[in-house]
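In: Any chance you could fold what I've pasted below:
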Amino acid sequence: MSALFSFPNPVNDVAARTVAAGVLIMSATAAVTGQLWITIPLAYGFLARVATGPRLSPLGRIATMLIAPRLPRAEKLVPGPPKRFAQAIGAGFALTALTLWLSGEPTISRFLLGLLCVPALAESGFGYCVGCKIFSILMRLGVIPDEVCLECADIYSAEAVAHRTGRSISGAS
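Out: Next up is the predicted model:
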């Protein structure tokens, strides 16, 4: 059961950017057209990715199994904890938008979905993860302990270099 409720580390950056493109399409469509029912699968997808990575997320499965392997540079790996944190922020936005829509506030819901498009565009189009940046800032402030992501704590540490290269700290494989 614990294997089901885990998040991959490292994460395929191309797959993460593909998921962000899907989030962008869904959020923009719901915000622009007013088809707020799209918020239901959007919120579910975020919750599923926070809980299980791509395992129970249809968008995550499509990104990791179908799209990313067919794209160039499909093997760029990045730390998982910041990506999970970013998914949790997205879940907060999507769940709030869903709650607002269901409680009769479609305008505010559409506004939040429009806001969600900004980090989704930054990630999918430019490879800039807003949630990851917030995660980094919170680590520097000591809010998130270094143990959560040793590679994030100090990207130049011997442990981080060993993790990225697959070598031991002494340099032997």
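In: what's the single longest helix in this protein?
Out: With residue count as the measure and DSSP state H as the assignment, the chain has helix 80-102 as its longest helix.
In: Now do it: distance to the chain's middle.
Out: Here the centre of mass of C-alpha atoms in helix 80-102, compared against the chain's by CA atoms, centre = their mean, to the nearest Å, lies 10 Å away.
In: Name the next helix or strand downstream of that helix, please.
Out: On the C-terminal side of helix 80-102, the nearest following helix or strand under DSSP states H and E is helix 106-126.
In: and that next one, what does it pack onto?
Out: Contact partners of helix 106-126 among helices and strands, from 3 or more CB pairs under 8 Å, 6 or more residues apart in numbering; DSSP states H and E: helix 13-33, helix 39-52, helix 80-102, helix 130-140. Yep, even glycine has a C-beta here, placed from its N, CA and C like the rest.
In: so how far is Leu47 from the nearest residue to Lys76 once chain neighbours are set aside?
Out: Ranked by CB to CB, 6 or more residues apart in numbering and with sequence neighbours excluded, the top spatial neighbour of Lys76 is Asp13, at 4.3 Å. For Asp13, the distance to Leu47 (CB to CB, to the nearest Å) stands at 22 Å.
In: same deal with Gly80?
Out: Taken as CB to CB, the spacing of Gly80 relative to Leu47 amounts to 17 Å.
In: coming back round to it: need the helices and strands packed on helix 106-126 in JSON lines with distance to Ile67, can you?
Out: JSON lines is the format used below for the helices and strands packed on helix 106-126 (distance: least, CB to CB, whole Å):
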{"stretch": "helix 13-33", "distance to Ile67": "5"}
{"stretch": "helix 39-52", "distance to Ile67": "15"}
{"stretch": "helix 80-102", "distance to Ile67": "17"}
{"stretch": "helix 130-140", "distance to Ile67": "21"}
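In: Which among those is found nearest to Leu113?
Out: With respect to Leu113, and counting by CB to CB, the nearest of the helices and strands packed on helix 106-126 is helix 13-33 at 4.0 Å.
In: pLDDT-wise, which helix or strand of the chain ranks last?
Out: Among the helical and strand segments of the chain, the one scoring lowest on mean pLDDT, DSSP states H and E is helix 158-165, with a mean of 57.
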